[in-house]
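**Q** Please work out how this folds:
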Amino acid sequence: MTATALATTVPAPGRRRARRPDLDAPPPSIAPGPVARAFGIIALVVATLYFLVPVYWLVVASTKDNTDLTSTFGFWFAEPNLVANYDSLMGWTQGLFWRWVGNSLFYSVSAGVIGTLFAVMAGYAIAKFAFPGKRIAVGIIMAGLLLPVALLTVPLYIEFHALGLTNTVWAIIIPSAVSPFGVFLGMVYAESSVSTELLEAARIDGAGEARIFFTIVLRLLGPAMVTIFLFIFVATWNNFLLPLMMISSQDLKPVTLGLYGMMSYFSPDKGAVMLGALLGVIPLILLFFTLQRYWRSGLAAGAVKG
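**A** Predicted structure coming up:
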């Protein structure tokens, strides 16, 4: 570069370069204003209280007996009665409470794993393959999202009774594993996250469709699978009407149906029931704390996809 060029590009000592307002000015702020921030904080506080206050009340109620539940302040502890409540819980359930918790865990995990796998398989197939009746299939799935689950319980009972599957674990697992929402979410996520060029490259390399799905697609659909699994798990754990119709054996009851049996007595020990409800919700809390990092990472990954 010549001296003349250097003189025109490098400013002389003591001489400041002229600023260009369009380049040096800071970008306009996108932060919310004071009013919006205040409303946002208030909304977050209200939502936090809405979700945490019932759990706190459940913890407090599980330490009381029937008298304390009606004679003391509802949101503060009385004389601790946990040991007596636990003994009463085991006595009322004839020692089957933890078996019922294990049944709920088995039903929820089984339905979650099976339902998640079939949901992402169906969603991937709808998103990435062309086949006759594709629009009809999507329409049926959308219609399934609109139907209340309770509306299907009686027809399901009639079908399973005809097949001889009532009062078995399959009467809970099979209906719970069907998730139209899971298929819809898998379809949307596969359409946006699974690259068609990547699939074509794998096919050119000689990989079959099963290998492509289980070695490539499942990894890309991981965040969607965690979300679908959580929805199916929670729905199966909280389901009450389906086990009430399908299950009559004490050994196969989930914890929701077992606690309902305690409340059906003339004068139930409500403190023991509250303790059972608290112990029954702990697996759900642990599940969310365990899987939330996968869920949050999936939401962040989906936010930056082009």
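**Q** Please make it C-alpha for all contacts and neighbour counts, starting now.
**A** Will do.
**Q** any idea how far Ile282 is from Glu79?
**A** As judged by Cα to Cα, to the nearest Å, Ile282 and Glu79 stand 23 Å apart.
**Q** Gly40 now?
**A** On the measure of Cα to Cα, Gly40 and Glu79 end up 39 Å apart.
**Q** The two: which has the busier surroundings?
**A** Between Gly40 and Glu79, counting by other Cα atoms under 10 Å, Gly40 is the more crowded of the two (13 against 9).
**Q** where does that one land on pLDDT?
**A** Note on Gly40: pLDDT of 90.
**Q** Assign a three-state SS to it, would you?
**A** helix (DSSP: H, G, I helix; E, B strand; the rest coil).
**Q** pLDDT averaged over the strand or helix carrying Pro283 - what is it?
**A** Assigned by DSSP states H and E, Pro283 belongs to helix 270-303. What helix 270-303 shows for mean pLDDT is 76.
**Q** what comes up buried for it?
**A** By neighbour count with 16 or more other Cα atoms under 10 Å, helix 270-303 contains the buried residues 270-280, 284, 294-295, 298.
**Q** now, among the residues you listed, which is nearest to Leu89?
**A** Leu89 has its nearest neighbour among those in Ala272, at 5.0 Å by Cα to Cα.
**Q** Contact partners for the closest one?
**A** Ser62, Asp65, Asn85, Tyr86, Ser88, Leu89 (Cα atoms under 8 Å, 6 or more residues apart in numbering).
**Q** Make TSV out of those residues and add secondary structure, neighbour count and pLDDT.
**A** Shown next, in TSV, are those (DSSP: H, G, I helix; E, B strand; the rest coil; neighbours: other Cα atoms under 10 Å; pLDDT from 0 to 100):
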residue	secondary structure	neighbour count	pLDDT
Ser62	coil	25	88
Asp65	coil	21	85
Asn85	helix	23	88
Tyr86	helix	18	90
Ser88	helix	19	88
Leu89	helix	24	89
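**Q** any idea which helix or strand comes after the helix or strand hosting Thr116?
**A** Element membership for Thr116 (DSSP H and E) is helix 97-128. As assigned by DSSP H and E, the chain's next helix or strand after helix 97-128 is helix 134-146.
**Q** what's the distance between that following helix and the middle of its chain?
**A** Relative to its parent chain, helix 134-146 has a centroid offset of 22 Å by Cα atoms, centre = their mean, to the nearest Å.
**Q** So which bits of that helix are buried?
**A** Buried, per 16+ other Cα under 10 Å, within helix 134-146: Val138, Ile141.
**Q** So what touches the following helix or strand past that helix?
**A** Next along the chain after helix 134-146, taking DSSP H and E as the criterion, comes helix 153-163. Defining contact as Cα under 8 Å, 6+ apart, one finds that helix 153-163 is touched by Thr166, Ala171, Pro175, Leu241, Leu242, Met245, Met246.
**Q** at 7 Å what do you get?
**A** Residues outside helix 153-163 that contact it (Cα atoms under 7 Å, 6 or more residues apart in numbering): Thr166, Ala171, Leu242, Met245, Met246.
**Q** average pLDDT across the next helix or strand after it?
**A** Where DSSP H and E defines the elements, the next helix or strand beyond helix 153-163 is helix 170-177. Helix 170-177 comes out with an average pLDDT of 94.
**Q** before we move on, back to that, which of the contacts of helix 153-163 sit farthest apart?
**A** Thr166 and Leu242 (10.7 Å).
**Q** I'd say Ile228 and Gly182 touch.
**A** Yes: look at Ile228 against Gly182 with Cα atoms under 7 Å: they come within range, at 5.3 Å.
**Q** what's the overlap in contacts for the two?
**A** In contact with both Ile228 and Gly182: Thr116, using Cα under 7 Å, 6+ apart.
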